[in-house]
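A.B. asks: all I have is the shape, not the residue letters:
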């Protein structure tokens, strides 16, 4: 199944404010490119907190890469299952795919006895 990938991320937030608990947990995610629909990506996941500092969250993201509409070459016929896990091939056709990276700036603020965490 070379169209689906599972990601597991472990995180820990060290609180800078005294008397506030640290937050830690895991983020489990499944990322799938649906065969037959070029450019469609579905990500579904669940954030599990290890302690009582947060409530568990589920999420789903659906995105479409519009550059697939302007390709000169016809797309490869995708298969649900392949006997080869990896193939050495040119990456030229995949250069506009989404990169799995986020640049989050997270600030911890103390306001009237409560803590707010913001991410951008």
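C.D. replies: Structure received. Just so we're clear, the structure is a prediction, and the values are computed from it rather than from any experiment.
A.B. asks: need the contact list for residue 65.
C.D. replies: By C-beta atoms under 8 Å, 6 or more residues apart in numbering, the contact list for residue 65 reads 39, 41, 96, 97, 98. In this view, the C-beta of every residue, glycine as well, is placed from N, C-alpha and C.
A.B. asks: per-residue confidence for the fourth one?
C.D. replies: With respect to pLDDT, residue 97 scores 70.
A.B. asks: okay, the closest residue in space to it that isn't next to it in sequence: pLDDT?
C.D. replies: Among residues not flanking residue 97 along the chain, residue 65 sits closest, at 6.7 Å (C-beta to C-beta, 6 or more residues apart in numbering). If you check residue 65, the pLDDT there is 81.
A.B. asks: from residue 37, how far out is residue 65?
C.D. replies: Applying C-beta to C-beta, to the nearest Å, the value for residue 65 to residue 37 is 11 Å.
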